[in-house]
Every structure is written in C-alpha cells, then in structure tokens.
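Asks: the following comprises the amino acid sequence and a computationally predicted model.
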Amino acid sequence: MKIVDIICAEGKTGFYFDDQKAIKQGAKHDGMFYLGEPKTEGFSAVRQAGESISVMIVLDDGQVAHGDCAAVQYSGAGGRDPLFLAKDFIPVIEGEIREKLVGRETTNFKELAEEVDKMEIGGKKLHTAIRYGLTQALLDAAAKAKKVTMAEVIKEEYNTGIELKRIPIFTQSGDDRYTNADKMIIKEADVLPHGLFNNVEEKLGLKGEKLIEYVEWLRDRVLKFRVNEDYNPIFHIDVYGTIGELLNDDTKAMTEYLGKLEEAAKPFKLRIEGPMDVGARTAQMEAMRDLRASLEDAGIGVELVADEWCNTLEDVKYFAENKAGHMIQVKTPDLGGINNSIEAIMFCNEIGVGAYLGGTCNETSRSAEICANIAMACGATQVLAKPGMGVDEGIMIINNEMNRVLALSKKRA
C-alpha cells in the first residue's frame, strides 16, 4: 500500500512546555503559572501550552494513518532539540518530507522508520519530535496495510518472540502526590505513584524524613483502602537526584537510607528513580552502577531506575551494559523515531535489565496508544500512563488500548 499524501494538523498536548532554565534560576509559581521572563530561546513564557502536530498519512485505498509529533516538558534543555512549535515545523513536514515519502510502500515499517530517523534536510537531522510522530504514523500505516494491530506489526518485523499480554502501567502524580495516589489505588494501578520529590528541604526533608513519612503513608493507604487483597502495587518514586544531593552522593550513606525506605515500604516492593544526579553521563553511569552493587551486597531489594543522563538509544545501551540501575527509562520523544524505543527495550531484555517505556506528561493520547503497542510487542517491564498528570486519563488511554490489542489479536488467533 502506497503513500499518496501527508497532511498535518496542529494539536495540543496533555501538559505544558516549561522553561527549565528559568525555573532553576528561581521562577516562582502563581497558581499554574510561573512568574518572570523566559530564559530559553523560543519560549514566550516560562510555562506555555504544549503543542503537537498530528501527521496524517493518506494511503492509496483512502485509509488515513496518523501519529503525533510531541516533545518533552522541558524542551530545549539539556542538549535537547529546540522548543517544538507547530507553526515552525508543519511546513517542513508538508514540504520536503512529504516529497520524499509520497509514492513509497508502507508495508515494511522497520526499513522506512530507520530511513526517516536518519533523514536530513538542509544537512540537519529532523527534530526529534518530527521523527517521533512521523514514525508513529508509518507504524499505523503498516498496520492498516496488513490489517493487524500495530503491536503485531512490531512483533513480526522485529521477531520479538513476545506473547502479547498486558504490561504493568506506571502512573505519575506530579505534586498532588496524596489525592492522586488515592486515584491510583481506586484504579488499582500496577506501579505508583511517581511523587515528584524534586526538592530536598520542601519534599525530601533535611534528614530524608519527609520521603520516609510519605512512603509509610502510601503503604498504609494501600493496605487500608485496597478492595482486593491480591492488589500489591510496586512503589516507584522519582526523587530527581535529591537523595544524592542530601547525602553528598556518598554510596554507603545512600545505601543505608534506601534500606530505611525499603523497610517503610514493606510489604510492597520499592523502586527509586534518579537517586542522584552527578552532572555528567559517564559519572552518572558509574554512580548508578556502584549504588546498585552496594544495595545488592547489603541484601537490600530496592530497585534503581536510571533516568538522568540516559536519553538516547546509545545511552540506554551504555547504562544497561554496565548494570547502571535495575531498570532503564526509555524516554520515547527524546529517542526520536519509535524504532529506537523498540530497539532499546529489546536490548534491555537481552541484557537482563528492566525496560520502562516512559516518555513525558507532555504527549498526546495518540502517542500514548502507540507506545502501548510498542510496550506489548517488545515485552517492556512497565509502561507510563500518559499524557498529563491527572492519573485517570492516562490509565484509561493505556489500559483501553492494550485491551483492544489483546481482543483483536486473540480473535484472529
């Protein structure tokens, strides 16, 4: 089946673009707004509405496949591509990219996705968000051509050998870590709650006591309100490097503190994302590797999740090979083409490291649905409920898409 046209539509995302540089320099909250002037090129405000582009591929039988271009919340920061504004990039997609793809066959997703991911215009690679959304649309086009689900296309073309099944869903609370945790418990989220512990004094506590108290509260909340005694969620808390900040990145001290957190979480399993941020890729890998080894030597079962300084496919492989954490987050928009996310999960599986298919709150319902297919086809350890920070919506989108895929594939089988 051939591509006869590519059409774009402007869209909104499920969250916001935030100017990380301005926030780190002290921009203050006023309700949902940040005060002050933006510091990163392209921003018109410190916080502004997230934008996306729906890429619609028209096939020669009249069917329309689509995916959504989207970028992370902190766009333009940490070496990422610049702020992704729809008006700037629609002409690129409907111009030179369209010219390169019209007339092409869509049945071989892997080959075409790799070509798009490496495509250059004017001597430069395409923005990561364009590669992300365009390859989503190509996957949908291949599925429509073959009349199967997107998960089945991936399973066949990448020979994953995975039996399609439901993947545990990880939910994120944002700052509303109490009310949103209640929502997660009601919905029986598999992995919860994220927590957003990104400040030592206000959230972690100057002795780490506030995080311990929160874990104890969460444990008691699940035990009190779970309807099903078999509901035993995994606790996954993102601390944004604050444990290392509090304890001067001392491996022994961090090990002891994580042991206390493990006790507070019992009987539930605990994962800690981003325990430290030492400021550089190699140093971060070594710090995560050493802390994992220290925890295992001490018989502490807390699992570490790599996030900071692990952004690309090459980074994922580097951290996984060195066992720099028990689980690696695959941050889908930052990897560009979804072919890279597929390769990242498969590599983690081969190495024996957990693969968390994550991303950002600043995505769309469409990119979330396609990520659910990827997670199922590749056997990810867990998949992020996205977009947004509202909990209910993200769980609904991911859960319902997985159930549709299972129902359709089982019916054909």
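Replies: In hand now; what should we look at? Numbering: from 1, shown residues only.
Asks: for this structure, which helix is longest?
Replies: Using DSSP state H, we find that the single longest helix of the chain is helix 392-412.
Asks: got the contact list for it?
Replies: 14, 148-152, 164-167, 169, 171-172, 183-184, 187, 189, 365, 368-369, 371-373, 376, 383-388 (Cβ atoms under 8 Å, 6 or more residues apart in numbering). C-beta coordinates here come from the backbone N, C-alpha and C atoms, glycine included.
Asks: using PDB, write out every CA atom in that helix.
Replies: The C-alpha coordinates for helix 392-412 follow below in PDB (Å, rounded to 0.1, in the frame of the first residue of the first chain):
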ATOM      1  CA  ASP A 392      -7.400   8.800  35.400                       C
ATOM      2  CA  GLU A 393      -7.000   9.900  31.800                       C
ATOM      3  CA  GLY A 394      -3.500   8.300  31.300                       C
ATOM      4  CA  ILE A 395      -4.600   5.000  32.900                       C
ATOM      5  CA  MET A 396      -7.700   4.900  30.700                       C
ATOM      6  CA  ILE A 397      -5.800   5.500  27.500                       C
ATOM      7  CA  ILE A 398      -3.100   3.000  28.000                       C
ATOM      8  CA  ASN A 399      -5.300   0.300  29.600                       C
ATOM      9  CA  ASN A 400      -8.000   0.500  27.000                       C
ATOM     10  CA  GLU A 401      -5.600   0.400  24.100                       C
ATOM     11  CA  MET A 402      -3.900  -2.700  25.500                       C
ATOM     12  CA  ASN A 403      -7.200  -4.400  25.900                       C
ATOM     13  CA  ARG A 404      -8.200  -3.600  22.400                       C
ATOM     14  CA  VAL A 405      -5.000  -5.000  21.000                       C
ATOM     15  CA  LEU A 406      -5.500  -8.200  23.100                       C
ATOM     16  CA  ALA A 407      -9.100  -8.700  22.000                       C
ATOM     17  CA  LEU A 408      -8.300  -8.200  18.300                       C
ATOM     18  CA  SER A 409      -5.200 -10.300  18.200                       C
ATOM     19  CA  LYS A 410      -6.800 -13.200  20.100                       C
ATOM     20  CA  LYS A 411      -9.800 -13.100  17.800                       C
ATOM     21  CA  ARG A 412      -7.600 -13.500  14.800                       C
END
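Asks: buried residues, it. List them.
Replies: 393-395, 397-399, 401-402, 405-406, 409 (16 or more other Cβ atoms under 10 Å).
Asks: out of these, who's nearest residue 352?
Replies: Distance to residue 352 across those (Cβ to Cβ) is lowest for residue 402, with 24.2 Å.
Asks: quick one, phi psi at residue 204?
Replies: Dihedral pair for residue 204: phi -80, psi -40, per degrees, to the nearest 10.
Asks: gap between the lowest-mean-pLDDT helix or strand in the chain and the chain center?
Replies: Lowest mean confidence among the helices and strands of the chain (mean pLDDT, DSSP states H and E): helix 20-24, at a mean of 84. Put simply, helix 20-24 sits 21 Å off its chain's centre (Cα atoms, centre = their mean, to the nearest Å).
Asks: ok, residues contacting it?
Replies: 34, 36-40, 43, 46, 74, 77-78.
Asks: may I have it exported as CSV, CA atoms only?
Replies: Provided in CSV are the C-alpha atoms of helix 20-24 (Å, rounded to 0.1, in the frame of the first residue of the first chain):
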residue,chain,number,x,y,z
GLN,A,20,13.7,24.6,32.9
LYS,A,21,16.5,27.2,32.8
ALA,A,22,14.2,29.9,34.1
ILE,A,23,12.8,27.6,36.8
LYS,A,24,16.2,26.6,38.0
